[in-house]
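Here is a sequence together with a model predicted from it:
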Amino acid sequence: MSGKPERDGFLTERRRFAQAVRELCAETVACDAPDELFREVADRVEALVEKLVAEPRRFRTVASSLDEEIRMEGRRYHYGDLLDFSPLAGLANPLAPPMSIRKEDDTKLVATLVFSGAFEGGPGLAHGGYVAAAFDELLGLTQSLTGEAGMTGKLKVRYRSPCPLNTELRMEGRVHQKEGRKIVARGTMHAEDRLVADGEATFVVLEDEVYREKTSRFGEA
């Protein structure tokens, strides 16, 4: 599991590599280099991809129960190896901004993130789809503070003002309501004192056997 020292040691260089690729992606859209340079870089990257393709495939690690799935390791919540490779929070996933998430209290999580130019929508602004995805990530972790794990049933995001690139964004997520198998979480995103967006998500808690059946096959892909 992701809390073991040997796994952390293993992920150190993977996370370093992911950060390098993350910066490569940002520079790919930010720089105005001649095509000759892109040809040289593409040749090198393609050679690296060949090396990685030759290696064994990674299989998803899923915890053996919902109780194990929701636990504290340091200041981060782990769902098997979900967060390590999350496309939003994963330090080992070069697609992630990434988000840094911590527990504020028993009902609240706080996150910070910066969208680079790789996430640009309007000129100088983050694409709204990534803003929505950030809410899905944070509120999905927030609802686990109830001690149960639900899957997203509905997500509503209201865009209050443009979301800037290359600016630290602060997000807060809080458990709003739990009723039966439904958990509602609400959150906000700010750029300094300016409200960028707010969101609300409804999650549906699955019975343990149903959850295991739906998730166990993913690691076999």
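That came in fine, so what should we check first?

Distance of the residue of the chain most remote from its centre relative to A42?
Distance from the C-alpha centroid of the chain peaks at E36, with 34.4 Å (CA atoms, centre = their mean). The gap separating E36 from A42 is 11 Å, by CB to CB, to the nearest Å. Backbone N, C-alpha and C define where each C-beta goes, glycine included.

all helices of this protein, in order?
For the chain, applying DSSP state H gives helices covering 5-30, 35-53, 66-69, 82-85, 128-142, 208-216.

Considering those helices, which stretch scores lowest in mean pLDDT?
Mean pLDDT is lowest for helix 66-69 among these, at a mean of 50.

For the residue most central in space within the chain, give me its contacts.
When CA atoms, centre = their mean is applied to the chain, the residue found nearest the centroid is L88 (2.3 Å). Neighbour list for L88: 96-99, 133-134, 136-137 [criterion: CB atoms under 8 Å, 6 or more residues apart in numbering].

make it 6 Å
96, 99, 133, 137 (CB atoms under 6 Å, 6 or more residues apart in numbering).

From those, pick the one nearest A149.
The shortest gap between A149 and any of those belongs to E137, at 14.0 Å (CB to CB).

How many residues are close by the closest one?
25 (other CB atoms under 10 Å).

quick one, phi psi at the closest residue to L95 other than its chain neighbours?
With CB to CB, 6 or more residues apart in numbering as the criterion, L95 has its nearest non-adjacent residue at 4.6 Å, and that residue is P87. P87 has phi and psi values of phi -70, psi 0 when expressed as degrees, to the nearest 10.

I figured L125 was touching N166, is that so?
No. Taking contacts as CB atoms under 6 Å, L125 lies outside contact range of N166: 10.7 Å.

And L206, how far from I183?
12 Å.

typed the wrong thing, it's G199
14 Å.

what do you get for R170?
R170 sits 23 Å away from I183, going by CB to CB.

now T146
Counting by CB to CB - T146 and I183 are separated by 6 Å.

of the two, who's got more company?
It is I183, of T146 and I183, that has more neighbours when counted by other CB under 10 Å, with 25 against 18.

Now for that one: which residues touch it?
Taking CB under 6 Å, 6+ apart, one finds 143, 146, 150, 203 in contact with I183.

Who does it form a beta bridge with?
When bridges are called by DSSP bridges, I183 pairs up with K178, F203.
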